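Engineer: what shape does this take:
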Amino acid sequence: MGNCLSSERSGTRAGDEAGAGAADDLSLLNDSGDGNSFPGDPPPLSPQPPPPCRGREPIPVYHPSPSQSRLATQLTEEEQIRIAQRIGLIQHLPKGIFDPGSEGSEKKMKECVICMLDFVYGDAIRFLPCLHTYHVHCIDDWLMRSLTCPSCMEPVDAALLSSYETS
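Structural biologist: Have a look, this model is predicted:
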């Protein structure tokens with residue numbers, strides 16, 4: 001039972017017991033079937049382009065309204081401006097690190113109500129103006145769809161803007 005994978009123990013092929021059989025097998029794999037290739041030649045280049053998803057970053061999907069989802073490339077200019085404003089607003093919300101040993105920890109929420117997972121020491125959390133706390137990635141995704149607190153349904157944008165007016 002030989003194979004053509006390298007063995008880390010010996011530094012040789014596990015199929016070398018078969019002698020030149022492994023090289024013959026490789027030449028069969030490299031053979032393009034056109035009769036013009038020789039054993040040891042590199043395989044010919046494929047004329048087809050690579051699949052579109054290979055080597056490219058995925059296009060983000062945005063939700064311009066709660067019932068719609070579209071690729072970023074399909075958004076209108078107005079929707080792109082509105083999303084950029086929303087991202088800027090979200091970035092102004094305070095962030096922190098969950099520390100259950102800090103002052104007032106018995107009053108703190110112990111769970112992110114979006115993902116239903118308990119907060120763990122060191123988790124990145126975001127605080128809303130209504131003082132509810134969530135994982136950063138959970139609430140940021142939520143706020144991109146709806147600018148309301150998932151717990152109390154208070155509008156985050158109005159509360160954030162009023163907090164700037166009072167200070």
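
Engineer: first-to-last residue distance for stretch 122-138?
Structural biologist: The first and last residues of stretch 122-138 sit 15 Å apart, counting by C-alpha to C-alpha, to the nearest Å.

Engineer: pull out the buried positions in it.
Structural biologist: By 16 or more other C-beta atoms under 10 Å, the buried positions in stretch 122-138 come out as 123, 125-126, 128-129, 132-136, 138. Where C-beta positions appear, they are placed from N, C-alpha and C, glycine not excepted.

Engineer: need the max-distance pair from those residues.
Structural biologist: 123 and 129 (20.3 Å; C-beta to C-beta).

Engineer: contacting residues for residue 126?
Structural biologist: Residues in contact with residue 126 (C-beta atoms under 8 Å, 6 or more residues apart in numbering) are 93-96, 133-136, 139-140.

Engineer: need the three-state assignment for it.
Structural biologist: Following DSSP: H, G, I helix; E, B strand; the rest coil, we place residue 126 in the strand state.

Engineer: who does it form a beta bridge with?
Structural biologist: residue 95, residue 134 (DSSP bridges).

Engineer: just to revisit the earlier point, need the contacts of residue 126 in TSV with pLDDT, can you?
Structural biologist: Listed next are the contacts of residue 126 as TSV, based on pLDDT from 0 to 100:
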residue	pLDDT
93	94
94	94
95	95
96	94
133	94
134	95
135	96
136	96
139	95
140	94
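
Engineer: closest to residue 115 out of those residues?
Structural biologist: Nearest to residue 115, judged by C-beta to C-beta, of those is residue 135 at 6.3 Å.

Engineer: so residue 75 touches residue 84, yeah?
Structural biologist: No - in terms of C-beta atoms under 8 Å, residue 75 does not count as a neighbour of residue 84; the distance is 10.4 Å.
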